[in-house]
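Visitor: Got a predicted structure here, sequence first:
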Amino acid sequence: MKKILCSICALFMISCALCGTAFAERYENSRFGYSVDVPGGFDWQPESENGDGRSFVCTQVPGEFSVWGSFNALDHTVKEAADFAAQGHRIAYRRVNAKEGWFVLSWLNSKGEIVYRRDWLKDGTFYAMMFVYPKSSQKFFDSVIKNVTRSFSF
């Protein structure tokens, strides 16, 4: 019976790790006051020199994501910020919700990797996250993006 329970626990832990949700830790940014869950299986990179954010590199499949905050110094609307972020990219997916104060962009970078970016505007500050991963990691990152985005708070 112990062997069966141990096997079930091990399978559960492996499946959680593969879906990118196991053992999440909370990253809290003191400069901009936002926080986000970082799934297990991501190496935390050093916080940026100016304290605006941090990157996390996946140890299970190729890919990474970054989070950061920035002051809206140019006084952009959400649409203007989306237009600015889209410059130089061939956008595959774009959604702007000015009423709720957010936008999503997705494109392929010069390496053929998928880039997914989501920004929120609140009280003169943009809060952003960006995921970069090869097409071969898309199924894994679909789950990671869903969970990380849900956990983002400011």
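Guide: Nice, I can see it. Numbering: from 1, shown residues only.
Visitor: Tell me which other helices or strands the helix or strand hosting residue 27 touches.
Guide: Counting by DSSP states H and E, the element that carries residue 27 is strand 25-29. Helices and strands touching strand 25-29, by 3 or more CB pairs under 8 Å, 6 or more residues apart in numbering; DSSP states H and E, are strand 34-38, strand 53-58, strand 64-71. For every residue, glycine as well, the C-beta is placed using N, CA and C.
Visitor: for the last one, the distance to its chain's centre please.
Guide: Read it as strand 64-71. 8 Å (CA atoms, centre = their mean, to the nearest Å).
Visitor: what's the answer for the second one, then?
Guide: Its chain's C-alpha centre lies 9 Å from the corresponding centre of strand 53-58 when counted by CA atoms, centre = their mean.
Visitor: so where is the protein shaky, pLDDT-wise?
Guide: 1-22 (pLDDT under 70).
Visitor: The strand holding residue 27 pairs with which strands, parallel or anti?
Guide: strand 34-38 (antiparallel) (DSSP bridges).
Visitor: in the strand it pairs with, what counts as buried?
Guide: The neighbour-count check on strand 34-38 (16 or more other CB atoms under 10 Å) flags 34, 35, 36, 37, 38 as buried.
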